[in-house]
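Asker: Dropping the sequence and predicted coords here.
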Amino acid sequence: HISKEQKQIALQMSLLNIQDPMIRCYTDISERSLRYMRKTFRETGEVVRTPVCAGRPRILDTLDANFLEACIEQQPDILLTEMKDQLW
């Protein structure tokens with residue numbers, strides 16, 4: 001992992017026309033990471049991309065989750081396969 005601060009330093013060095021071999025030597029950032037960092041900066045104005053929302057998209061919505069919770073309340077020993085069958 002390369003910190004945001006380290007990427008900002010590498011970008012500043014790049015903007016000062018310091019050659020990539022020197023930037024890599026001082027920052028220990030790979031050539032590929034430098035290219036990707038510059039591309040990200042050109043596209044977003046930032047050295048790192050921040051996701052719109054963290055994590056994986058949910059498969060179940062609130063209604064589905066409430067339904068499953070009600071199934072468990074009605075029948076605490078219900079199997080997951082039975083819950084899946086009822087849900088779909």
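Answerer: That came through, no problem. Numbers count the residues shown, from 1 in each chain.
Asker: from here on, contacts and neighbour counts on C-alpha atoms
Answerer: Will do.
Asker: Following the helix or strand containing Y26 in sequence, what is the next regular element?
Answerer: Here Y26, judged by DSSP states H and E, is contained in helix 20-27. Next helix or strand after helix 20-27 toward the C-terminus (DSSP H and E): helix 31-44.
Asker: list the helices and strands that following helix packs on?
Answerer: helix 4-15 (3 or more Cα pairs under 8 Å, 6 or more residues apart in numbering; DSSP states H and E).
Asker: contact partners of the helix it packs on?
Answerer: Contacts of helix 4-15 from elsewhere in the structure, counted by Cα atoms under 8 Å, 6 or more residues apart in numbering, are D20, I23, T27, L34, M37, R38, V47, V48.
Asker: tell me the mean pLDDT for stretch 27-35?
Answerer: Mean pLDDT, computed over stretch 27-35, is 95.
Asker: which parts of that stretch are buried?
Answerer: By neighbour count with 16 or more other Cα atoms under 10 Å, stretch 27-35 contains the buried residues I29, L34.
Asker: what do you get for stretch 67-84?
Answerer: Buried residues in stretch 67-84, counted by 16+ other Cα under 10 Å: L68, C71.
Asker: so how far is it from its chain's centroid?
Answerer: In this view, stretch 67-84 has its centroid 33 Å away from the chain centroid, taken as Cα atoms, centre = their mean, to the nearest Å.
Asker: avg pLDDT for that stretch?
Answerer: The pLDDT scores in stretch 67-84 average 92.
Asker: Neighbour-wise, give me the winner out of the contacts of helix 4-15.
Answerer: Among the contacts of helix 4-15, the one with the most neighbours (other Cα atoms under 10 Å) is V47, at 23 neighbours.
Asker: Once you drop chain neighbours, what's closest to that one?
Answerer: Among residues not flanking V47 along the chain, F41 sits closest, at 5.0 Å (Cα to Cα, 6 or more residues apart in numbering).
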